[in-house]
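[1] Okay, sequence plus prediction incoming.
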Amino acid sequence: VDINRGARVAAEQPRSVDQPRASDQPAAPASPSVRRLARELGVDINQVQGSGPSGRISNDDVKAHAKRIITSVAQGGGTGLGIPTEPLPDFSKWGEIERVPMRAVRRKTAEHLTAAWLNIPHVTQQEYADITGLEDLRRRYRKQVEAAGGNLTVTAVAVKIVAQALRHFPQFNASIDMASGEIIQKKYIHIGVAVDTDRGLLVPVIRDADRKSLIQIAVDLSQLSEKARTRKITAEEMQGGCFSISNLGGIGGNFFTPIVNSPEVAILGISRGRFTPVYNEETKEFQARQLLPLSLSYDHRVIDGADGIRFLRWIAEAFEQPFLMALHG
C-alpha cells in the first residue's frame, strides 16, 4: 500500500475545518493543538470520534481517523473502484429516478479501467492511415475468407498488422513490475480485441497472432466475438493478452483516447474511416481518399514518445501498403 498516496488523497478531501462552522453546530471537543494536527492532516475534526471523557478528541484519535481514511482509500474507499468518492445528492428531489444495479461485468470493467487510469501515465498519439487500396483488397478477397468461416474486417487486418509490429517493437509487448523494478518482455504475441456485448465490454484474446494467416485470424475473431456475445466465452479465452485493439468504427467518431488494458502497456483505437480530399503532390490536385483514424495509447513509464510515433507510423504504413506485412514478416 502506498501510504504517501493515501495521505495525499486524504489531504484532498473537503476540509470542513477551514470553512465557517454553522452557528447551530457545536464545536468539536478538542484542544487547539489537536485542531492544528487535524488541519495538517486534512482531517475534518467534526468527523473524529473522541475517546476521552465526554467524547474529547486527542492527537491519537485524529491519527487513527486519518489512518482509517488512508486504509479506506487504499482498499477502494468503500466503492471497489480504488478512489474516494464524494457523496451523491438526492437526485429524486428534482425528478423521477430509477436505481439499476451494476452488472458483474460492468462493475469489473469499471474497477479494472479505474485502476489502469490511476496507475498508468497515459499518452495518446493519433494518426491517419490511407486505406483506399486496402478496401479494394478487402472487397476482392472477402468471399474467400467468408468461405473459410471468417469475416475480412478492418479489425482482423489490424490484428495481423499489430502482431507483426510487436515483433519489430518488442517494448510494446511488455509489462512493468514496479515492485521489482523490472520490465517483463514477452516472447509470445497474443492480441486482445474489445467486443461490445449486452453485458458490457469483453476482450477475447487471439493467441499466437503473429504465427497465423489473415484468414485464420479472421476466423478466430469471428468465433470468439460470437462466443462473447452469446455468453459462451470462458475466462481463459480472455486472459494472457499482450496488446489490445478497440475498434469503434462501426459506430462512428473520429479519434478517442483508449485506456491501456493493464498489465499491458499499449492499446490501439480505431475509428470510422471516411473519404477525404487529399492533395497529391505529383498530380497537383485533390483526390478522394479513405482515411482511417488511429489512436495509440501507451504507458509512458515503458514507452517514450519517439517510439510511440514510430510504432504508430509503422502500423499506418502497413494499412496503406499491405505488402509490407509480407515483406517484413
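    Thanks, I have it.

[2] Name the nearest residue to V302, sequence neighbours excluded.
    Spatial nearest neighbour of V302, chain neighbours left out: V265 (4.7 Å); criterion: Cβ to Cβ, 6 or more residues apart in numbering. Every C-beta, even on glycine, is put in place using the N, C-alpha and C of the backbone.

[3] Spit out the contact partners of that neighbour.
    V265 makes contact with 120, 171-172, 174-176, 298-299, 302-303, according to Cβ atoms under 8 Å, 6 or more residues apart in numbering.

[4] Just the buried subset of those, please.
    120, 171-172, 174-176, 298-299, 302-303 (16 or more other Cβ atoms under 10 Å).

[5] which of the residues you listed sit farthest apart?
    I120 and Q171 (14.9 Å; Cβ to Cβ).

[6] burial of A110, as a residue count?
    16 (other Cβ atoms under 10 Å).

[7] wait, isn't it in contact with M102?
    Yes: taking contacts as Cβ atoms under 8 Å, A110 lies within contact range of M102: 7.3 Å.

[8] Could you list the low-pLDDT ranges of the stretch 151-300 of the chain?
    Scanning the stretch 151-300 of the chain for pLDDT under 70 picks out no residues.

[9] show me where it has helices.
    Ranges of helices in the stretch 151-300 of the chain, per DSSP state H, counting those that start in this stretch, are 154-168, 214-229.

[10] Remind me what the longest one packs against, helices and strands.
    In this case it means helix 214-229. Judged by 3 or more Cβ pairs under 8 Å, 6 or more residues apart in numbering; DSSP states H and E, the packing partners of helix 214-229 are helix 132-147, helix 154-168, strand 191-193, strand 195-197, strand 205-206.

[11] Farthest from the middle of the protein: give me that residue.
    Distance to the chain centre peaks in the chain at P53, reaching 50.5 Å (criterion: Cα atoms, centre = their mean).

[12] Quickly run through the sheet partners of whichever strand in the chain runs longest, with directions.
    Scanning the chain for the strand with the most residues, using DSSP state E, yields strand 285-299. If you go by DSSP bridges, strand 285-299 pairs up with strand 122-130 (antiparallel), strand 266-270 (antiparallel), strand 274-280 (antiparallel).

[13] tell me the most buried of those?
    Counting by mean count of other Cβ atoms under 10 Å, strand 266-270 has the highest mean neighbour count of the strands paired with strand 285-299, with a mean of 26.

[14] Identify the residues contacting it?
    Taking Cβ under 8 Å, 6+ apart as the rule, strand 266-270 contacts 154-155, 158, 162, 172, 243-249, 255-261, 292-299, 303, 311, 315.

[15] can I have it written out in PDB, keeping just the CAs?
    C-alpha atoms of strand 266-270 as PDB (Å, rounded to 0.1, in the frame of the first residue of the first chain):
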ATOM      1  CA  ALA A 266      -0.400  -0.100 -25.100                       C
ATOM      2  CA  ILE A 267      -3.700  -0.200 -26.900                       C
ATOM      3  CA  LEU A 268      -4.800   0.800 -30.400                       C
ATOM      4  CA  GLY A 269      -8.100   2.500 -31.000                       C
ATOM      5  CA  ILE A 270      -9.700   2.600 -34.400                       C
END
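
[16] quick one: that strand to helix 154-168, angle?
    With axes from the mean of the first three to the mean of the last three Cα atoms, to 10 degrees defining the directions, strand 266-270 sits at 150 degrees from helix 154-168.

[17] Give me the most central residue, this structure.
    Centre-nearest of the chain using Cα atoms, centre = their mean is I259, 2.2 Å out.

[18] how close does that one get to V265?
    12 Å (Cβ to Cβ, to the nearest Å).

[19] same thing with A156?
    23 Å.

[20] Tell me the confidence at the residue farthest from the centre of the chain?
    P53 carries a pLDDT value of 87.

[21] Out of the strands paired with strand 285-299, flag the one nearest V203.
    strand 266-270 (9.9 Å).

[22] Contacts only, for L152.
    Applying Cβ under 8 Å, 6+ apart, the residues near L152 are 138, 141-142, 145-146, 214, 218.

[23] Save the helices of the stretch 151-300 of the chain as a markdown table, and put in mean neighbour count and distance to A66 too.
    Below are the helices of the stretch 151-300 of the chain laid out as a markdown table (neighbours: other Cβ atoms under 10 Å; distance: least, Cβ to Cβ, whole Å):
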| stretch | mean neighbour count | distance to A66 |
| --- | --- | --- |
| helix 154-168 | 22 | 45 |
| helix 214-229 | 20 | 44 |
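
[24] so can I have TSV of the ones you listed showing distance to I183?
    What follows is the helices of the stretch 151-300 of the chain, written out as TSV (distance: least, Cβ to Cβ, whole Å):
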stretch	distance to I183
helix 154-168	15
helix 214-229	27
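
[25] right, and those - which one's nearest I69?
    Closest among those, once you apply Cβ to Cβ, is helix 214-229, at 39.4 Å.

[26] Not including adjacent chain positions, what is the nearest residue to A30?
    I57 (4.0 Å).

[27] so how many other residues sit close to that neighbour?
    23.

[28] where's it relative to R36, distance?
    12 Å.
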